[in-house]
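**Q** would you be able to build a 3D model of this:
(one chain, ligands or ions: 1)
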Amino acid sequence: MLTLSHEPPENPNGQPLPIRRTPAKGSLTATVTADKLLGTNTHFWGGRTTPCTQPTCEACDAGTTWRWHAYVSAIEFLTSTHFLFECTAAAAHEFVHFAHERGTLRGCTFRATRCNTRINARVIIETHLYTGKPTDLPPEPNLVLALARLWNIPANQITTPEAKEIQQAISVLDAQIAAKRHFLTPQPNGPRP
Ligand SMILES: [Zn+2]
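**A** Model prediction:
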């Protein structure tokens, strides 16, 4: 199918959102554009962070350790960069707390720093509510698609809690429809329902 549009898109290049982490020196200040964070176990494999794809995972087979990482989309107004922010589970607790208080992570302005200048030093995240114009926040990107592009994994091979819920609801409906069909189908040797 070909889709034409009257308006230029927000992101005209179709480029994946670049990945950014907390710098070793200085800080990163940005505002989250996603409603919820997404996270998964990852390996440092082939010189980069890649997701664990259990039950079939090359990195696991090689005995590589894993670490859970969180991902959110965020905008750095200083450089107008819309990017994917990666942080550890410990650092992500501040995001979880913010989302719990506010009902969404979107509009969470955060400042990420490290407790010392080592590249893998513990990350400290401070959050506060975005006070700028709501229209200045870019629309929420599809985080699943952004991660699929980042890791070069087909989006249909990625499962989220929401997708699992939908899948479960569909299987319940399927079971109900099958039961109804069975009830309505005349049985050749039996009485009609
Ligand atoms: Zn793995």
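**Q** and the helix or strand of the chain with the lowest mean pLDDT, what's buried?
**A** Within the chain, no helix or strand scores below helix 161-184, which has a mean of 82 by mean pLDDT, DSSP states H and E. Of all the residues in helix 161-184, not one is buried under the rule 16 or more other C-beta atoms under 10 Å. In short, each C-beta sits where N, CA and C put it, glycine included.
**Q** can I get it in PDB, CA atoms only?
**A** Taking C-alpha atoms only, helix 161-184 is exported to PDB below (Å, rounded to 0.1, in the frame of the first residue of the first chain):
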ATOM      1  CA  PRO A 161       2.700  -6.300  28.600                       C
ATOM      2  CA  GLU A 162       0.000  -4.500  26.600                       C
ATOM      3  CA  ALA A 163       0.400  -6.800  23.700                       C
ATOM      4  CA  LYS A 164       0.200  -9.800  26.000                       C
ATOM      5  CA  GLU A 165      -3.000  -8.500  27.500                       C
ATOM      6  CA  ILE A 166      -4.600  -8.000  24.100                       C
ATOM      7  CA  GLN A 167      -3.400 -11.500  23.100                       C
ATOM      8  CA  GLN A 168      -5.100 -12.900  26.200                       C
ATOM      9  CA  ALA A 169      -8.300 -11.000  25.600                       C
ATOM     10  CA  ILE A 170      -8.400 -12.200  22.000                       C
ATOM     11  CA  SER A 171      -8.000 -15.900  23.100                       C
ATOM     12  CA  VAL A 172     -10.800 -15.500  25.600                       C
ATOM     13  CA  LEU A 173     -13.000 -14.000  22.800                       C
ATOM     14  CA  ASP A 174     -12.000 -16.800  20.500                       C
ATOM     15  CA  ALA A 175     -12.900 -19.400  23.100                       C
ATOM     16  CA  GLN A 176     -16.300 -17.700  23.600                       C
ATOM     17  CA  ILE A 177     -17.000 -17.600  19.900                       C
ATOM     18  CA  ALA A 178     -16.000 -21.200  19.500                       C
ATOM     19  CA  ALA A 179     -18.300 -22.200  22.400                       C
ATOM     20  CA  LYS A 180     -21.200 -20.200  20.900                       C
ATOM     21  CA  ARG A 181     -20.700 -21.800  17.400                       C
ATOM     22  CA  HIS A 182     -20.600 -25.200  19.000                       C
ATOM     23  CA  PHE A 183     -23.900 -24.400  20.800                       C
ATOM     24  CA  LEU A 184     -25.600 -23.000  17.600                       C
END
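**Q** end to end, how far does stretch 116-132 reach?
**A** Length of stretch 116-132, first residue to last, C-alpha to C-alpha, to the nearest Å: 30 Å.
**Q** from Pro23, how far off is Thr3?
**A** To Pro23, Thr3 is 39 Å away according to C-beta to C-beta, to the nearest Å.
**Q** in terms of neighbours, single out the busier of those two.
**A** Taking other C-beta atoms under 10 Å, Thr3 and Pro23 do not tie; Pro23 has more neighbours (13 against 4).
**Q** which residues touch that one?
**A** By C-beta atoms under 8 Å, 6 or more residues apart in numbering, Pro23 lies in contact with Arg114.
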